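Engineer: Sequence and predicted structure below; questions after.
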Amino acid sequence: MSQTLLEMAKDLVLAQIQAKTLPPDEMHSALQQTYTTLMTLKAQEGSDGSVPVATPEAPSKPVTWRKSITKHTVKCLECGASFKQLSVRHLKEHGLDGKVYRVKYGIPRTQPLAAKVITSRRKEIVQRARPWEKAPTYLKAQERAAQAVAQKTGRAQRKGTSRAKA
């Protein structure tokens, strides 16, 4: 019983994975490329090799966004340009916004589109400025906490004085 081209491609890719020459996460693209090559070879074999057959382009490798964000730069996955941060203005040039860009390349919603140095510098600035302490809700909560402490200490002092009298 002869194997189909797909089964042959599958066996070849599995052999590469088992020999540890191909990482498992690249299996899908390797399988497509192997199958395409086998189809081309079969077409050339059927025409006795006299008619050249154009090999279809293999799909591009999936882009890993983690490699695009380094310590000092962030690389735009659309055009390949490097920046300190991907600005709204730059993303608009590609017809994207931050949310669509993240979805397109599988970047988590909470991942900053800026170099790691820039992100850490911003965190330091925020920690020094402590803007949450200036927020009205924070101030109200602090007031309530201070009042609660004052009431507790007032009660304790009254209890202490009443015990002293007794």
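Structural biologist: Everything's here; your move.
Engineer: Can you point out the buried residues in whichever helix or strand residue 33 is part of?
Structural biologist: For residue 33, the element it lies in under DSSP states H and E is helix 27-46. Of the residues in helix 27-46, those with enough neighbours to count as buried (16 or more other CB atoms under 10 Å) are 29, 30, 31, 33, 34, 35, 36, 37, 38, 39. The way it works is simple: take the backbone N, C-alpha and C, and place the C-beta from them, glycine included.
Engineer: elements contacting it?
Structural biologist: Counting by 3 or more CB pairs under 8 Å, 6 or more residues apart in numbering; DSSP states H and E, the packing neighbours recorded for helix 27-46 are helix 5-18.
Engineer: and stretch 81-97, C-alpha only, in CSV?
Structural biologist: Provided in CSV are the C-alpha atoms of stretch 81-97 (Å, rounded to 0.1, in the frame of the first residue of the first chain):
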residue,chain,number,x,y,z
ALA,A,81,11.7,49.8,12.1
SER,A,82,13.2,50.2,15.6
PHE,A,83,12.0,52.7,18.2
LYS,A,84,12.1,53.4,21.9
GLN,A,85,8.3,52.9,21.9
LEU,A,86,5.6,52.2,19.2
SER,A,87,3.6,55.4,19.1
VAL,A,88,0.0,55.8,18.1
ARG,A,89,1.2,58.0,15.3
HIS,A,90,3.5,55.2,13.9
LEU,A,91,0.8,52.6,14.2
LYS,A,92,-1.6,54.8,12.3
GLU,A,93,0.8,54.8,9.4
HIS,A,94,0.1,51.0,9.2
GLY,A,95,-3.7,51.6,9.7
LEU,A,96,-3.5,50.1,13.2
ASP,A,97,-4.0,51.1,16.8
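Engineer: so how far is the helix of greatest length in the chain off the chain centroid?
Structural biologist: Scanning the chain for the longest helix, with DSSP state H as the assignment, gives helix 136-165. The chain centre lies 48 Å from the centre of helix 136-165; the measure is CA atoms, centre = their mean, to the nearest Å.
Engineer: just stretch 135-147 next, same as before
Structural biologist: 37 Å.
Engineer: Now the residue most central in space within the chain: closest residue in space, sequence neighbours ignored.
Structural biologist: What sits nearest the mean C-alpha location of the chain, by CA atoms, centre = their mean, is residue 107, with 3.0 Å. Spatial nearest neighbour of residue 107, excluding adjacent residues (CB to CB, 6 or more residues apart in numbering): residue 65 at 4.8 Å.
Engineer: ok, the one you found - contacts?
Structural biologist: Residues near residue 65 by CB atoms under 8 Å, 6 or more residues apart in numbering: 77, 105, 106, 107, 111.
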